[in-house]
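Asks: build me a model from this:
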Amino acid sequence: MSVEPTVLVIGGGATGTGIARDLALRDVDVMLVERGGLGSGTTGRSHGLLHSGARYADSDAQGASDCLAESQTLRGIAGECIRETGGLFVRLDSDDPEYFDAKRRACEKIGIQTDRLDGDTARERIPGLADSVAEAFRVPDGVIFPSRLVAANAADAAAHGGTICPQTPVAEIDVGAGGVETVHLGGAAEKSVTPDCVINAAGAWAGEIAGMAGVTVGMAPSRGVMVSLEYDRLDPVLNRCREPSDGDILVPHNGAVVAGTTSVPVSTPDDYETAEWEVEQTIEECAAMVPAVAEATERRRWWGVRPLYAPDETGTDRRGISRGFTVLDHGEDGVSNFYSVVGGKLTTYRKMAAVTSDRVCEYLGVDEPCTTGEKQLRGADDPERLDAFVDRYGGPNPTDTDVHGTSD
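Replies: Predicted coordinates:
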């Protein structure tokens, strides 16, 4: 490995490992550091939805289109890091039929294929669906196993010369007249590096990393609960077709379902309260779609913090904040070799990585194209190999711990 990497990536979630892979494939000397195990932040504490884009079709057409395109790309490159399940948007008798129709029209306009089902047909195809389901439409949702995904990206980066350093927190960043000069690393590394360029891909923690470099990034994090329940009779992802609210999604995971989620603003992604009402309300609302989950045995619960970027946000309801992403060039703040990538979705991590890598390569004078959309991830078709990568880089995270060590 090079003692002095050309690019230092801070953050070992999907976006950070995606950037490391992208740059390594362009023959850029890249080092990635993550304070814990890979994916241990927001990425591995999600509900694991592979978005078709339908959830955002009526509120963010560009974001929905990105999800649709990237979900199709992942189906080509990610192998056993994802699972095909399909998805269903369901309207209950109490839900607004006009919202249902508008959502479906928005999906069709973007190019998301839908197939309308009446309530009886939906119940025939999905055992256990509530009697109150009035209608539904199918969408091409799926499931992501994020621990495998980040580990496969990291392993691919390493195979192409990148250096991957879990358990390596950033202790301090020295900034001079020309930008970042030195980054001091703790944990497993305990050394200092002098990269030509630094990428802040720390997700919900991007504000804290930016602050170390003397710049401000307007993050507006919010917490959300996920509850894993023992229930093995759900095949597709279920989405409640109503205005975004608590408890509106059920994601099937290896003999269980993950019920989610809430949205509660937090001031810091490291120190926040959690509340029992979040669990109770999430299960109660999800049980309106599948009544049996109300009595299902709980396997575990966890909270994740969304890496929302909203520099002008002042309110308490953060559901309306865009799930799009932004690449910030801090040259405008006087730190010319420092970039932050903020916002986005797990499904769009590869595009986020590609756009960020393009900007950094332009800065470095590297004239190599992105190839991550055409090349399969390392070990993608071998679940045992993927799980070995997961163990190498810190072990499985809450979202997909049930699939670790299996060959489903």
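Asks: A helix includes residue 340, no?
Replies: No: secondary structure of residue 340 (DSSP: H, G, I helix; E, B strand; the rest coil): strand, not part of a helix.
Asks: who touches it in this structure?
Replies: Going by Cβ atoms under 8 Å, 6 or more residues apart in numbering, residue 340 touches 199-201, 206, 209-210, 217, 327-328, 330. (C-beta placed from N, C-alpha, C; glycine too.)
Asks: can I get those residues in CSV with pLDDT?
Replies: As requested, the contacts of residue 340 are arranged in CSV below (pLDDT from 0 to 100):
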residue, pLDDT
199, 98
200, 98
201, 98
206, 97
209, 98
210, 97
217, 95
327, 96
328, 96
330, 97
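Asks: in helices only, show me those residues.
Replies: Secondary structure from DSSP state H places 206, 209-210 of the contacts of residue 340 in helices.
Asks: go through those residues and say which is closest to residue 290.
Replies: residue 206 (36.0 Å; Cβ to Cβ).
Asks: please name the residues that touch the closest one.
Replies: 11, 200, 217, 219, 307, 309, 340-342.
Asks: okay, the residue positioned nearest the centre of the chain: pLDDT?
Replies: Closest residue to the average C-alpha location of the chain: residue 346 at 2.3 Å, with Cα atoms, centre = their mean. If you check residue 346, the pLDDT there is 97.
Asks: now it: how far from residue 384?
Replies: 23 Å (Cβ to Cβ, to the nearest Å).
Asks: do the same with residue 72
Replies: From residue 72 over to residue 384 the distance is 26 Å, taken as Cβ to Cβ.
Asks: next: residue 44.
Replies: The value you get for residue 44 to residue 384, if Cβ to Cβ is used, is 20 Å.
Asks: could you do residue 165 as well?
Replies: Distance, residue 165 to residue 384, using Cβ to Cβ: 25 Å.
Asks: how about the strands of the stretch 251-400 of the chain, start to end?
Replies: Secondary structure of the stretch 251-400 of the chain (DSSP state E, counting those that start in this stretch): strands at 256-260, 264-265, 298-306, 325-329, 338-343.
Asks: which residue sits closest to residue 372, ignoring its sequence neighbours?
Replies: What sits nearest to residue 372 in space, not counting adjacent residues and going by Cβ to Cβ, 6 or more residues apart in numbering, is residue 22, at 5.1 Å.
Asks: dump stretch 253-263 to PDB, restricted to CA.
Replies: As requested, the backbone C-alpha atoms of stretch 253-263 are provided in PDB (Å, rounded to 0.1, in the frame of the first residue of the first chain):
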ATOM      1  CA  HIS A 253     -35.900 -10.700   5.300                       C
ATOM      2  CA  ASN A 254     -35.000 -14.400   5.600                       C
ATOM      3  CA  GLY A 255     -38.000 -15.700   7.600                       C
ATOM      4  CA  ALA A 256     -38.700 -12.300   9.100                       C
ATOM      5  CA  VAL A 257     -40.100  -8.900   8.100                       C
ATOM      6  CA  VAL A 258     -38.500  -5.600   8.900                       C
ATOM      7  CA  ALA A 259     -41.200  -3.100   9.900                       C
ATOM      8  CA  GLY A 260     -40.400   0.600   9.500                       C
ATOM      9  CA  THR A 261     -40.200   3.400  10.300                       C
ATOM     10  CA  THR A 262     -40.400   6.700  12.100                       C
ATOM     11  CA  SER A 263     -38.900  10.100  11.400                       C
END
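Asks: looking at residue 165 and residue 384, which one has more neighbours?
Replies: A direct count of neighbours by other Cβ atoms under 10 Å for residue 165 and residue 384 places residue 165 higher, at 22 against 11.
Asks: for that one, give me phi and psi.
Replies: phi -130, psi 90 (degrees, to the nearest 10).
Asks: mind checking pLDDT for it?
Replies: pLDDT for residue 165: 97.
Asks: what residues are bridge-paired with the residue lying closest to it once chain neighbours are set aside?
Replies: Spatially, and ignoring its direct neighbours in sequence, residue 165 is nearest to residue 33 (4.7 Å; Cβ to Cβ, 6+ apart). When bridges are called by DSSP bridges, residue 33 pairs up with residue 10, residue 165.
Asks: so residue 33 touches residue 170, yeah?
Replies: Yes: at 6.5 Å, residue 33 counts as touching residue 170 under the criterion of Cβ atoms under 8 Å.
Asks: overlap in contacts of those two?
Replies: Taking Cβ under 8 Å, 6+ apart as the contact rule, residue 33 and residue 170 both touch 10, 185.
Asks: picking up where we left off before, okay if I get the strands of the stretch 251-400 of the chain as JSON lines plus distance to residue 138?
Replies: Shown next, in JSON lines, are those (distance: least, Cβ to Cβ, whole Å):
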{"stretch": "strand 256-260", "distance to residue 138": "18"}
{"stretch": "strand 264-265", "distance to residue 138": "31"}
{"stretch": "strand 298-306", "distance to residue 138": "27"}
{"stretch": "strand 325-329", "distance to residue 138": "28"}
{"stretch": "strand 338-343", "distance to residue 138": "28"}
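Asks: nearest spatial neighbour of residue 152, chain-adjacent residues omitted?
Replies: Nearest residue to residue 152 in three dimensions, chain neighbours excluded: residue 377, at 4.1 Å (Cβ to Cβ, 6+ apart).
Asks: quick check: the one you found touching residue 80?
Replies: No: when contacts are counted by Cβ under 8 Å, residue 377 is not listed as touching residue 80 (9.5 Å).
Asks: what's the neighbour count on residue 205?
Replies: With other Cβ under 10 Å as criterion, residue 205 counts 24.
Asks: tell me the pLDDT at it?
Replies: Looking at residue 205, its pLDDT reads 97.
Asks: now for it: which residues touch it?
Replies: Residues in contact with residue 205 (Cβ under 8 Å, 6+ apart) are 11, 41, 269-270.
Asks: and the gap between the residue of the chain most remote from its centre and residue 5?
Replies: The centre of the chain is farthest from one residue, residue 177, which by Cα atoms, centre = their mean lies 34.9 Å away. For residue 177, the distance to residue 5 equals 22 Å [Cβ to Cβ].
Asks: next: residue 109.
Replies: On the measure of Cβ to Cβ, residue 109 and residue 5 end up 44 Å apart.
Asks: neighbour count winner among the two?
Replies: Comparing residue 109 with residue 5 by other Cβ under 10 Å, the one with more neighbours is residue 5, at 24 against 13.
Asks: which stretches of the stretch 101-250 of the chain have low pLDDT?
Replies: Under the criterion pLDDT under 70, no range of the stretch 101-250 of the chain is flagged.
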